[in-house]
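Enquirer: coords below, sequence missing:
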């Protein structure tokens, strides 16, 4: 293991997200959360700060580079700290705000303790700055502005906190058209689930709502893989998880408020479901995290009865956030008191595009006949999950982990992670 760089942010760090777009692969957004209890003079409050860093290989003049500069990575702040409500989740949009022939600026969604979902555009402070990392040297840096595009309150009940947000998938080269048709899914501390869409005015609005999607606080939401047989490829199916230990699926074509969930599993997780992460490599593979310390994989080809693909793996602490490697069947897991774990999966989903049609047919037959036997369910290599590496470098609870520089020919794996009470932000390589 090589720990490249660490620093302390201003408030308690609770999430980290590396931009998935090749044109902005160096950008790393960090969320923070601080609860101020209040007293007889001041009411309690929950405040946060949004930090934006550039993650880059050190140049030859950097003291950290030592004898191998390309093996060293550093953080550099690249935007003014944005003061906001306490942040639960940040998520980069899967497409950029393309304008004309330009690559476009990335957009970032935020779910916060005030019950709001906000979307920011991240743009270069100097429009003449090169957006493409390949055009810049390893140690060069740019500055960015983080400007709010839209915000809508969508948390309800009790504390009214919005706890998790996800973007509908982008298929093909949508460019700027994506933002005219995309949706966002959000869950909240009231147990509700909501779907957001854009108005022609550019504002966000709640277009679908299930007030009691879960019996307790909901922590997790994710859209299904765009090539799965669940829903449609424009974001027709979501997964949710909550403190009621339930993992649920919802077919949005029927409407959140008008139909029961497509499936409910309340027996497998030993505690609250904290994270849902569909695999980018296998359309029907979904990972879940839980306060019971385990990462589990699900075979979601049977839309009404997903099955565990293999035995779960214990990560030594509540598995709060899971992020798949963009090229490997590996997961970076922020395991709270257990630090950060790298979880490998040795299996795979079999078949291809033709199998998706076969899965659809098998699900339809099962729904009509109350059960069906099909060899399509046998096309699966379950493999096993294993904790291949554990990072114990943080001094407190690890709430965020992601893979750095997700595209661009980088040979070594780089992980960015953060921890809460010590306000730590680290970048390291597991091997």
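Expert: Sure, I can see it. Here the structure is a predicted model, which is why all the values come from computation and not from measurement. Numbers count the residues shown, from 1 in each chain.

Enquirer: helices and strands around the longest strand seen in the chain, which ones?
Expert: Using DSSP state E to define each element, the chain has its longest strand at strand 45-57. Packing contacts for strand 45-57, counted by 3 or more Cβ pairs under 8 Å, 6 or more residues apart in numbering; DSSP states H and E, involve strand 27-32, strand 34-36, strand 73-77, strand 82-85, strand 87-92, strand 144-153. (Each C-beta comes from the backbone N, C-alpha and C, glycine too.)

Enquirer: partner strands of the third one, with direction?
Expert: What it means is strand 73-77. Next to strand 73-77 in the sheet, as set by DSSP bridges, lie strand 45-57 (antiparallel).

Enquirer: cool, and the fourth one?
Expert: Taking DSSP bridges as the criterion, strand 82-85 sits next to strand 45-57 (antiparallel) in its sheet.

Enquirer: deepest-packed of the helices and strands packed on strand 45-57, please.
Expert: Ranked by mean neighbour count, the helices and strands packed on strand 45-57 are led by strand 27-32 with a mean of 25 (mean count of other Cβ atoms under 10 Å).

Enquirer: that strand - contacts with which helices or strands?
Expert: Helices and strands touching strand 27-32, by 3+ Cβ pairs under 8 Å, 6+ apart, are strand 13-18, strand 45-57, strand 87-92, strand 398-403.

Enquirer: report the angle between the axes of the second one and strand 27-32?
Expert: Angle between the axes of strand 45-57 and strand 27-32 is 150 degrees (criterion: axes from the mean of the first three to the mean of the last three Cα atoms, to 10 degrees).

Enquirer: what mean pLDDT would you report for strand 45-57?
Expert: If you average the pLDDT over strand 45-57, you get 95.

Enquirer: buried residues in it?
Expert: 46-57 (16 or more other Cβ atoms under 10 Å).

Enquirer: closest to residue 292 among those?
Expert: Closest approach between the buried residues of strand 45-57 and residue 292, by Cβ to Cβ: residue 46, at 26.5 Å.

Enquirer: so which of the helices and strands packed on strand 27-32 is nearest residue 223?
Expert: Nearest to residue 223, of all the helices and strands packed on strand 27-32, is strand 87-92, at 10.7 Å by Cβ to Cβ.

Enquirer: after that closest one, which helix or strand is next?
Expert: Next helix or strand after strand 87-92 toward the C-terminus (DSSP states H and E): strand 107-112.

Enquirer: gap between the longest strand of the chain and the chain center?
Expert: Its chain's average C-alpha position is 16 Å from that of strand 45-57, according to Cα atoms, centre = their mean, to the nearest Å.

Enquirer: and stretch 286-306, by the same measure?
Expert: Counting by Cα atoms, centre = their mean, stretch 286-306 is centred 16 Å from the centre of its parent chain.

Enquirer: how about it: buried residues?
Expert: 286-303, 306.

Enquirer: just the endpoints, please. Distance across that stretch?
Expert: 10 Å (Cα to Cα, to the nearest Å).

Enquirer: any idea of the mean pLDDT in it?
Expert: Average pLDDT, stretch 286-306: 93.

Enquirer: would you map the strands across the stretch 101-250 of the chain?
Expert: Secondary structure of the stretch 101-250 of the chain (DSSP state E, counting those that start in this stretch): strands at 107-112, 116-124, 144-153, 162-167, 183-188, 193-198, 204-210, 218-223, 237-242, 247-251.

Enquirer: can you put the ones you listed in a markdown table and add distance to residue 328?
Expert: A markdown table is the format used below for the strands of the stretch 101-250 of the chain (distance: least, Cβ to Cβ, whole Å):
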| stretch | distance to residue 328 |
| --- | --- |
| strand 107-112 | 25 |
| strand 116-124 | 27 |
| strand 144-153 | 29 |
| strand 162-167 | 22 |
| strand 183-188 | 26 |
| strand 193-198 | 31 |
| strand 204-210 | 34 |
| strand 218-223 | 19 |
| strand 237-242 | 22 |
| strand 247-251 | 24 |
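
Enquirer: any low-confidence regions in the stretch 201-350 of the chain?
Expert: Applying pLDDT under 70 to the stretch 201-350 of the chain flags residues 231-234.

Enquirer: a markdown table please, covering the helices and strands packed on strand 45-57 and showing distance to residue 201 and mean pLDDT.
Expert: Shown next, in a markdown table, are those (distance: least, Cβ to Cβ, whole Å; pLDDT from 0 to 100):
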| stretch | distance to residue 201 | mean pLDDT |
| --- | --- | --- |
| strand 27-32 | 26 | 98 |
| strand 34-36 | 33 | 95 |
| strand 73-77 | 33 | 95 |
| strand 82-85 | 23 | 97 |
| strand 87-92 | 23 | 98 |
| strand 144-153 | 9 | 96 |
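
Enquirer: what about the helices in the stretch 301-431 of the chain?
Expert: Assignment of helices within the stretch 301-431 of the chain using DSSP state H, counting those that start in this stretch yields the ranges 353-369.

Enquirer: low-confidence ranges in the stretch 51-200 of the chain?
Expert: Low-confidence segments of the stretch 51-200 of the chain, defined by pLDDT under 70: 59-71, 99-103, 128-141, 156-159, 172-176.

Enquirer: what residues are up against residue 170?
Expert: 93-95, 178, 182, 226 (Cβ atoms under 8 Å, 6 or more residues apart in numbering).

Enquirer: circling back to that earlier point, distance to residue 212 added to the helices and strands packed on strand 27-32, as TSV?
Expert: Output for the helices and strands packed on strand 27-32, formatted as TSV (distance: least, Cβ to Cβ, whole Å):
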stretch	distance to residue 212
strand 13-18	26
strand 45-57	24
strand 87-92	20
strand 398-403	27
